[in-house]
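1. Just the structure for this:
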Amino acid sequence: MQRLVVEVELLLAQATAGAEQRGLMRLRTMAERCAEEHGELVFVGD
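-> So this is what the prediction gives:
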């Protein structure tokens, strides 16, 4: 998970304000929470 968080941080530096930036911030938050609780990020559904 830490590698994903680092990658998202790099992308945030280049992201445009708005939906792109918000989406990356949400992904970072999910990755950090999953790392603390489960050690993996799992998507279920569409």
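2. so who does the closest residue to Arg28 other than its chain neighbours touch?
-> Leaving aside its chain neighbours, Arg28 sits nearest to Val8 (4.4 Å; criterion: CB to CB, 6 or more residues apart in numbering). From N, CA and C alone the C-beta is placed, and that goes for glycine too. The neighbours of Val8, taking CB atoms under 8 Å, 6 or more residues apart in numbering as the test, are 24, 27-28, 31.
3. mind redoing it with 10 Å?
-> Residues in contact with Val8 (CB atoms under 10 Å, 6 or more residues apart in numbering) are 15, 23-32.
4. will you turn the residues you listed into a markdown table that also has distance to Val42?
-> Output for those, formatted as a markdown table (distance: CB to CB, whole Å):
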| residue | distance to Val42 |
| --- | --- |
| Ala15 | 24 |
| Gly23 | 18 |
| Leu24 | 19 |
| Met25 | 20 |
| Arg26 | 15 |
| Leu27 | 13 |
| Arg28 | 16 |
| Thr29 | 15 |
| Met30 | 10 |
| Ala31 | 11 |
| Glu32 | 15 |
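5. Much appreciated, bye for now.
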